[in-house]
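J.: could you look at this predicted model? Sequence included:
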Amino acid sequence: MANSIKVLADKCVGCGQCVDACPFGVIKMDGALAVIDVDQCKFCGACVKACPATAIEMTKDAPQVGVDKNAYRNVWVYAEQRHGEISSVVYELLNEGRRLADKLGVQLCAVLIGDNIKAKAQDLINRGADKVYVYDDPAFIEFQDDPYSSVLTQLIAKEKPEIILMGATNIGRSFASRVAARINTGLTADCTSLEIDLETRNLQQTRPAFGGNIMATILTPRHRPQMATVRHKVFKEAKVQDGRKGEVVECKADMKTLLNRTKFLGFIKDASGHVNIADADIIVSGGRGLGKPEGFKLIEELAELLGGAVGASRATVDADWIPYSHQVGQTGRTVAPKIYIACGISGQIQHLVGMSSSDVIIAINKDATCPMMQTATYALEGDLYDIIPNIIKEIKASRCAV
């Protein structure tokens, strides 16, 4: 049975509430009667719920309960870019995607959408992609959910990938959910680990759950593709292999089919001048153990001396001691610096999830039994207001001696 929708003329009262409720703008008033453009209708049901006279009747196909999984092959990575620059999380996904593809015995593919972007395809091949699908068109000069979702959905329907990975960035979180809904599949967000069950070819997608108190492994056993977003800095970047060979597939979008309900007005760049904690090699973070917001002056001084960035626990951000952009953890940024210095941070699981991949962890805390001290590479027990000034003093002294 095909999807169908119609307005019951004998019930319609001409109130126009369905027109206002339709998110796709496919309902218009013809005098006192609502008229639906059935060819453009997405059958979302918003108008049915909004109609006070129950004058709209809709039937839909039964939901898909399974697919022919044998028809789906290859691992895809969405190559997120902004203004022609590939996001570093893409190289991390290519590293993990390469491992998964090799395990499944399939190709690793990347999807690149943008304007004047074709030259970047070789960068993706050099990082492990076997094939790169490129949509290079002025219509994609800036990311917008509707056209990007439409074009990726069309490509998925045509090529049938087995797995799709995206970065859990602002773009990825907004974009991936729309695509998953359109292709009627599941999506696991903010994954920290991925594995393959070779017997079933199911992707085992692990992420924090219940506020980070447990790690849940989620499967998509009856649908394909399997989709997941992955946090930045969870995996290491794929190494560059200059001159690596791969296939570039130039794709053309049918612009007539690309719905766009928004208008791009402009891009405002962050001009704060602060070091981005996600990209920093050294991070000095402060927690509730600082006792007061003024304590971050000490954290900032140490970070500046080390050439690093300032991080923070959620408790200090919630207390308005420091802006959210500094928050490390499950509800903040995931980081993996060379050195992470945790000052007065007890180390709840939500925070540890966001920084446990750091190469070296240095903890400063009065409580030697707290999780952060137990996790740390080096644990300094004592009052941070005694320890940090001494560290600063030694750093300054060593530089003066040189």
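T.: That came in fine, so what should we check first?

J.: centroid-nearest residue for this structure?
T.: In the chain, the residue lying closest to the centroid (Cα atoms, centre = their mean) is Ala168, at 1.3 Å.

J.: that one: what's it in contact with?
T.: Contact partners of Ala168, counting by Cβ atoms under 8 Å, 6 or more residues apart in numbering, are 89, 189-191, 229-232. Where C-beta positions appear, they are placed from N, C-alpha and C, glycine not excepted.

J.: can you check Ile141 too?
T.: 114-115.

J.: mind running it again at 7 Å?
T.: Asp115 (Cβ atoms under 7 Å, 6 or more residues apart in numbering).

J.: just Val89 next, same as before
T.: With contacts defined as Cβ under 7 Å, 6+ apart, the neighbours of Val89 are 80, 167, 169, 232.

J.: cool, Gly347 as well?
T.: 370-372, 375.

J.: name the member of these with the most neighbours.
T.: Among these, the one with the most neighbours (other Cβ atoms under 10 Å) is Met372, at 28 neighbours.

J.: what kind of secondary structure is the closest residue to that one other than its chain neighbours in?
T.: Once flanking residues are discounted, Met372 sits nearest to Gly347: 2.9 Å by Cβ to Cβ, 6 or more residues apart in numbering. Assigned by DSSP: H, G, I helix; E, B strand; the rest coil, the conformation of Gly347 is coil.

J.: ok, Gly347 to Ile388 distance?
T.: As judged by Cβ to Cβ, to the nearest Å, Gly347 and Ile388 stand 18 Å apart.

J.: can you pull out the helices in the stretch 51-200 of the chain?
T.: Secondary structure of the stretch 51-200 of the chain, counting by DSSP state H, counting those that start in this stretch: helices at 88-104, 121-126, 145-159, 170-182.

J.: I'd like to know which elements the last one is packed against.
T.: Think helix 170-182. helix 145-159, strand 163-167, strand 187-191, strand 226-230 (3 or more Cβ pairs under 7 Å, 6 or more residues apart in numbering; DSSP states H and E).

J.: now tabulate those in JSON lines and tack on mean pLDDT.
T.: Converted to JSON lines, these look like this (pLDDT from 0 to 100):
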{"stretch": "helix 145-159", "mean pLDDT": "92"}
{"stretch": "strand 163-167", "mean pLDDT": "96"}
{"stretch": "strand 187-191", "mean pLDDT": "92"}
{"stretch": "strand 226-230", "mean pLDDT": "96"}
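
J.: any chance of the ones you listed in TSV, with distance to Ile362 too?
T.: Listed next are these as TSV, based on distance: least, Cβ to Cβ, whole Å:
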stretch	distance to Ile362
helix 145-159	41
strand 163-167	28
strand 187-191	26
strand 226-230	27
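
J.: identify whichever of those lies nearest to Arg178.
T.: Smallest distance to Arg178 across the helices and strands packed on helix 170-182 (Cβ to Cβ): 4.3 Å, for helix 145-159.

J.: now that closest one against strand 226-230, angle please.
T.: Interaxial angle, helix 145-159 versus strand 226-230 (axes from the mean of the first three to the mean of the last three Cα atoms, to 10 degrees): 140 degrees.

J.: point out the least confident member of the contacts of Val89, please.
T.: Here the lowest pLDDT out of these sits on His232, with 83.

J.: give me the nearest residue to that residue, chain neighbours excluded.
T.: Val89 (4.5 Å).

J.: how close does that neighbour sit to Ala278?
T.: Separation of Val89 from Ala278 (Cβ to Cβ): 9 Å.

J.: how much space between His351 and Pro208?
T.: Taking Cβ to Cβ, one finds His351 at 11 Å from Pro208.

J.: ok, Lys233 next?
T.: According to Cβ to Cβ, Lys233 and Pro208 sit 15 Å apart.

J.: ok, now Ile341?
T.: From Ile341 across to Pro208, the span is 23 Å (Cβ to Cβ).

J.: more crowded one of the two?
T.: More crowded of Ile341 and Pro208, by other Cβ under 10 Å: Ile341, with 28 against 22.

J.: which is the succeeding secondary structure element to the helix or strand containing that one?
T.: Under the criterion of DSSP states H and E, Ile341 resides in strand 339-343. Next helix or strand after strand 339-343 toward the C-terminus (DSSP H and E): helix 349-355.

J.: next secondary structure element downstream of that next one?
T.: Helix 349-355 is succeeded, C-terminally, by strand 360-365 (DSSP H and E).

J.: by contact count, what packs against the helix or strand following that next one?
T.: The C-terminal neighbour of strand 360-365 among helices and strands, as given by DSSP H and E, is helix 371-375. Counting contacts by 3+ Cβ pairs under 7 Å, 6+ apart, helix 371-375 is packed against strand 360-365.

J.: helices or strands next to the strand it packs on in the packing?
T.: On a contact count with 3+ Cβ pairs under 7 Å, 6+ apart, strand 360-365 meets strand 339-343, helix 371-375, strand 378-381, helix 384-401.

J.: give me the buried positions along that strand.
T.: Within strand 360-365, the residues scored as buried using 16 or more other Cβ atoms under 10 Å are 361-365.

J.: OK, contacts around His118?
T.: One correction, residue 118 is Lys, not His. Contacts of Lys118 were listed using Cβ under 7 Å, 6+ apart, and they are 134, 136.

J.: any idea how far Ala79 is from it?
T.: Lys118 is 12 Å from Ala79, where distance means Cβ to Cβ.

J.: check Gly329 too.
T.: Gly329 sits 27 Å away from Ala79, going by Cβ to Cβ.

J.: quick one: which of these two has more around it?
T.: Set side by side, Gly329 and Ala79 give different neighbour counts by other Cβ under 10 Å, the larger being at Ala79 (30 against 25).

J.: pretty sure the more buried one is touching Leu112, no?
T.: Yes. Here Ala79 lies in contact with Leu112, judged by Cβ atoms under 7 Å, at a distance of 4.4 Å.

J.: overlap of the contact sets of the two?
T.: With Cβ under 7 Å, 6+ apart, Ala79 and Leu112 have common neighbours Leu124.

J.: apart from its chain neighbours, what residue comes closest to Thr185?
T.: With sequence-adjacent residues excluded and distances taken as Cβ to Cβ, 6+ apart, Thr185 is closest to His223, at 4.4 Å.

J.: having no further points to raise, I will conclude here.
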